[in-house]
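Undergrad: Structure here, sequence nowhere to be found:
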């Protein structure tokens, strides 16, 4: 492989759970009655599309713009105090750079949120390409963010590997004609991901170990690997 494309939230950083917990907390204060697992169906999509869904589901009973201002105020304060990398990612990333592999981010977050998440580090100084919600008109599961990123990398699609934590992201990457490694975070692989992901790996630590041993190859039968809640894939 000559290039890696990474999703950000839930893949590089352990932010998806923070986002979910704060969203549910603010929703509670606004007296929104959310069905069980409501947030999970929106993992991986841009905020603007999340807002459309909230309007659809709650209508005029919710001032969506004010709600998101309240939510973002709490979320931005939370990540300002420090955002943890997913365990194993720094080592995997540095190994890739040492091998001359191009690296990119393709995220549903805005460029401002990307910078806030990375803190003092300028991501543009270490990633070759960054594509955010500001650069697209259609969010995941539409393939646009991956198609644009692949074009910017100027690399044959056959030589690009995508890393995703969400089913929405897997669908986007596969629809763009790219190989996708899924590393589940909050949500288990659905049937599409099970059938179409190039590999499904339990953690970035497992990914780093596989990379170090050069074991990436054609898809192989999946072996159980612990993920959230002790469940296995």
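TA: On my side now, so go ahead. What you see is a predicted model; the values in this text were computed from it and never measured.
Undergrad: buried set for stretch 146-164?
TA: Buried residues in stretch 146-164, counting neighbours by 16 or more other Cβ atoms under 10 Å, are found at 146-150, 152-153, 155, 160-164. Glycine gets a C-beta too; all of them are placed from N, C-alpha and C.
Undergrad: out of the residues you listed, who's nearest residue 107?
TA: Within the buried residues of stretch 146-164, proximity to residue 107 (Cβ to Cβ) peaks at residue 149, which comes in at 9.7 Å.
Undergrad: quick one: pLDDT of that closest one?
TA: For residue 149, the pLDDT comes out at 98.
Undergrad: That one and residue 104 touch, don't they?
TA: Yes - with contact taken as Cβ atoms under 8 Å, residue 149 and residue 104 are classed as touching, separated by 5.1 Å.
Undergrad: joint contacts of these two?
TA: Common contacts of residue 149 and residue 104, defined by Cβ atoms under 8 Å, 6 or more residues apart in numbering, comprise 5, 129, 131.
Undergrad: Go through the residues you listed and say which is closest to residue 32.
TA: Nearest to residue 32 among the shared contacts of residue 149 and residue 104, with distances taken as Cβ to Cβ, is residue 131, at 31.4 Å.
Undergrad: How about that closest one: what's its closest non-neighbour residue?
TA: Distance criterion Cβ to Cβ, 6 or more residues apart in numbering; nearest residue to residue 131, sequence neighbours excluded, is residue 149 at 4.5 Å.
Undergrad: Now for that neighbour: which residues touch it?
TA: If you count contacts by Cβ under 8 Å, 6+ apart, then residue 149 has 5, 104, 106, 129, 131 around it.
Undergrad: What residues sit buried inside the top helix by length along the chain?
TA: As assigned by DSSP state H, the longest helix anywhere in the chain is helix 64-80. Residues of helix 64-80 classed as buried under the neighbour-count rule (16+ other Cβ under 10 Å) are 67-68, 71, 75, 79.
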